[in-house]
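In: fold the following and give me the result.
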Amino acid sequence: MATRDPEAKRQQLLDAALTEFAAHGISGARMDQVAKRAGCSAGLAYTYFKGKDELFDAVFEQIVRTIVSTVPIDADDLPGYAARLYDSHQANPEVARLVTWYRLERGEAALATPLAVKSTDAKVDAVRAAQAAGTVSDRFTAEELVALIQHIAALPSGDRTRDTVAAAVRRLVEP
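Out: Numbers count the residues shown, from 1 in each chain. Below you'll find the predicted structure:
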């Protein structure tokens, strides 16, 4: 007799939803396809999530948590941080596609979920402290530097892109 594992099923739904949303966006994704990918019925999917929007939000929050835990900011080595963030983007291209869909369908301001705001605030505070210590340039505000680093780290892959990302951020932040 099989035992039920609600958390495992919820995670299967989140994993399936990441694939579905990355491919089709919020509008184009279908809950029945998410359920099929997760190996369950659409009814069971609705037991866990009220609908596509709630499921999409849960996937986005999971992405933020994963990136924060696997690629923590290091204000003493922002070029290295940018290179690791670039590596994360390259290893998980579906995440970049999902974030792009989020921006297209919900707008840039919608990315400001409570967890995303908290994460960004922590990064800004770390950069601001490094600026105050004189180890990071203050040519740009801490908020601008964090945004610039994140955007540079999202460059598409190429022969020397990782090195270019690190070099660009090094030049950007050097005092």
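In: please report how far the nearest residue to residue 40 once chain neighbours are set aside lies from residue 47.
Out: Among residues not flanking residue 40 along the chain, residue 9 sits closest, at 6.5 Å (C-beta to C-beta, 6 or more residues apart in numbering). Using the backbone N, CA and C atoms, a C-beta is placed for each residue, glycine as well. Residue 9 sits 9 Å away from residue 47, going by C-beta to C-beta, to the nearest Å.
In: more crowded one of these two?
Out: Between residue 9 and residue 47, counting by other C-beta atoms under 10 Å, residue 9 is the more crowded of the two (17 against 14).
In: so where does the more buried one fall, helix or strand?
Out: When secondary structure is defined by DSSP states H and E, residue 9 falls within helix 6-28.
In: flag every buried residue along the worst-scoring helix or strand of the chain on mean pLDDT.
Out: Across the helices and strands of the chain, mean confidence by mean pLDDT, DSSP states H and E is lowest for helix 93-106: a mean of 87. Judged by neighbour count (16 or more other C-beta atoms under 10 Å), helix 93-106 contains these buried residues: 95, 97-99, 101-102.
In: from those residues, pick the one nearest residue 21.
Out: Residue 21 has its nearest neighbour among those in residue 98, at 5.3 Å by C-beta to C-beta.
In: identify the residue nearest that closest one in space, chain neighbours excluded?
Out: If the residues on either side of it in the chain are set aside, residue 98 comes closest to residue 22, at 4.6 Å by C-beta to C-beta, 6+ apart.
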